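A.B. asks: Have a look at this prediction, sequence included:
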Amino acid sequence: MNVTGHTRRSVSIRDVATAAGVSYQTVSRVINDHPSVKPSTRERVLAAIDELGFRRNSTALALASGRSRAVTVLTSNTTHYGYASVLQGIEEAARAASYTVGIGVLESADGAGEAEVAAQVQRSADAGGGLIVIAYDPAGVRALGAVPADLPVVGVVETPASPPGDDRPWVWADDREAAYKATRHLLSLGHRTVHYVAIPSSTRRTSARTTGWQQALKEAGAPQPRPLQGSWGPAGGHAAGLKLAGNPDVTAILCGNDDLALGVIRALHETGRAIPGDVSVAGFDDAPHSAYLTPSLTTVRLDFTGLGRSAFALLHGVLEESAQIAPHPVSVPELIVRESSGPPPGRG
C-alpha cells in the first residue's frame, strides 16, 4: 500500500503482453519455458517482465501449465431460467474437464458506457483462461463486442438474423424455428390468428422469436396483430394479459417465455376468460414449473443446459489447442403440447 492509502494495482500478464507486443498466451508459454517460443520473442517477453516487475501468480501459472484451468462467464443475470440453465451447462462441462468457472456480473443498465463495459471485460480477462459471454441482452452484446481480439471467447447469443462468419464464435438455440412451431400449432387448432407477448431483444430490433411468429402467420394468411412488449417476468405477462383479455377477438396468445405465460394466465383468470376454452396460451422454454401450472402449459422446449455445455466445449477446444471454434446452432426445439392450448370457442 502506498503513502496515500490506495492499493497499487499489480502488473498483470496482459500488461506484459502489451509491453512485449505479443499475446498473453505467448507470455504464459515463456513463463513456463514452452519450447514453441522463438528465442527473440522469449527475450522480448523476459525483458518486459523485468522492466514491469511482473510476479507470476497462480492464475497465470494455471493458464500456461494446464494444471489448474479456469474460464469466466460474463452475464447480466444469473436467475432467469435461460441464463441460469446455460450457466448450469457450462459448469457441468467445465467440472468434467477439471476446469473451474468464475462469474462476472455485467452492469445491465442501458446507460453503461463503453469504458465501463470495457473495464468489466478487462477485469474478467485478467483472471486468465477464456471467456463465455451470455449475450441475451444489450449488456451482454456490448460486452461481447468489447472482448480483446486475442482473448479466446465464445458468445451465447440470440438466433442471428443471418449466418455469422467463422470469426464469430457463437452458439445459439433456434428461437425462430421454435416460435414458428408454436404458432403453427395454435393455428392448426382453428384459431384465426395468434397474438404475441414478446420478451426484450438483445439487439433492440425484431427478435428471432418475433420473426418466427410472423412467418407462421404470413404463411397461413392470418392477420398479424401488433406484438405486445413484455418483460422477462410474470409481472410483464400479467400487464399484457390484462390488455388482451378485454378483446373478445383474442383466442390464442404466444408468450416469449414461460414466466410471461404465467402472468398472462393469471390475468385471463382474473377477467373470467377460461383457458383453453376461451383463450389458448403457449409459452417458450419449458421451464420446470410449466408442467405443473393449472392448466399445464403448452410450450417449446429449448435445451439451454446443452447450449452451455456446447459453449464450453468450443472454448475448451481452443484453450487446449485441439480445435477451432466456429458459429453453430445447438439442438432442435421441441413443441410440448399440454392442457393450455385447444380449439377456439365454438370449435371444440
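C.D. replies: Cool, the structure landed.

A.B. asks: Low-confidence bits of the chain, can you list those?
C.D. replies: 1-10, 32-35, 55-68, 108-113, 128, 202-206, 321-329, 348 (pLDDT under 70).

A.B. asks: how about the strands of it, start to end?
C.D. replies: All strands of the chain, identified by DSSP state E, fall at 69-75, 99-105, 130-135, 153-157, 170-172, 195-198, 228-229, 252-255, 280-282, 299-301, 328-329, 334-336.

A.B. asks: Going by neighbour count, list what's buried in the first one.
C.D. replies: Buried residues in strand 69-75, counted by 16 or more other Cβ atoms under 10 Å: 69-75. C-beta here means a position set from N, CA and C on the backbone, and glycine is covered the same way.

A.B. asks: do the second one as well
C.D. replies: By neighbour count on 16+ other Cβ under 10 Å, the buried set for strand 99-105 is 99, 101, 104.

A.B. asks: From these, pick the one nearest Leu297.
C.D. replies: Ranking those by separation from Leu297, with Cβ to Cβ as the measure, puts Val101 on top at 31.1 Å.

A.B. asks: my read: that closest one touches Ile90, true?
C.D. replies: Yes. Val101 sits in contact with Ile90 when judged by Cβ atoms under 8 Å, with a separation of 6.1 Å.

A.B. asks: Mutual contacts of these two, please.
C.D. replies: Counting by Cβ atoms under 8 Å, 6 or more residues apart in numbering, the common neighbours of Val101 and Ile90 are 71, 73.

A.B. asks: Could you find the closest non-adjacent residue to Gln229?
C.D. replies: Ala198 (5.5 Å; Cβ to Cβ, 6 or more residues apart in numbering).

A.B. asks: Any figure for the gap between the one you found and Tyr136?
C.D. replies: Separation of Ala198 from Tyr136 (Cβ to Cβ, to the nearest Å): 14 Å.

A.B. asks: quick one, which of the strands of the chain is packed in tightest?
C.D. replies: Among the strands of the chain, the stretch with the highest mean neighbour count (mean count of other Cβ atoms under 10 Å) is strand 252-255, at a mean of 30.

A.B. asks: That strand pairs with which strands, and in what direction?
C.D. replies: Here strand 252-255 is paired, per DSSP bridges, with strand 195-198 (parallel), strand 280-282 (parallel).

A.B. asks: any chance of the ones you listed in CSV, with distance to Gly230 too?
C.D. replies: Putting the strands paired with strand 252-255 into CSV (distance: least, Cβ to Cβ, whole Å) gives the following:
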stretch, distance to Gly230
strand 195-198, 5
strand 280-282, 13
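
A.B. asks: quick one, which of the ones you listed is nearest to Val318?
C.D. replies: Distance to Val318, taken as Cβ to Cβ, is lowest for strand 195-198 among the strands paired with strand 252-255, at 34.6 Å.

A.B. asks: Identify all contacting residues around the closest one.
C.D. replies: Applying Cβ under 8 Å, 6+ apart, the contact partners of strand 195-198 are 207, 209-210, 213, 225, 227-230, 236-237, 240-241, 244, 250, 252-256, 260, 264.

A.B. asks: mind running it again at 6 Å?
C.D. replies: Here strand 195-198 makes contact (Cβ atoms under 6 Å, 6 or more residues apart in numbering) with 210, 213, 225, 227-230, 240, 244, 250, 253-256, 260.

A.B. asks: ok so, going back, make JSON lines out of the buried residues of strand 69-75 and add distance to Pro163.
C.D. replies: Compiled in JSON lines, these are given as follows (distance: Cβ to Cβ, whole Å):
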{"residue": "Arg69", "distance to Pro163": "31"}
{"residue": "Ala70", "distance to Pro163": "31"}
{"residue": "Val71", "distance to Pro163": "26"}
{"residue": "Thr72", "distance to Pro163": "27"}
{"residue": "Val73", "distance to Pro163": "25"}
{"residue": "Leu74", "distance to Pro163": "24"}
{"residue": "Thr75", "distance to Pro163": "25"}
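
A.B. asks: For the residue nearest the centre of the chain, give me its contacts.
C.D. replies: Central residue check for the chain by Cα atoms, centre = their mean: the C-alpha nearest the mean position is that of Ile134, 3.5 Å away. Contact criterion Cβ under 6 Å, 6+ apart gives 75, 83, 86, 140, 156 as the residues in contact with Ile134.

A.B. asks: of all those residues, which two lie farthest apart?
C.D. replies: Across the contacts of Ile134, the two members that end up farthest from each other (Cβ to Cβ) are Val86 and Gly140, 10.9 Å apart.
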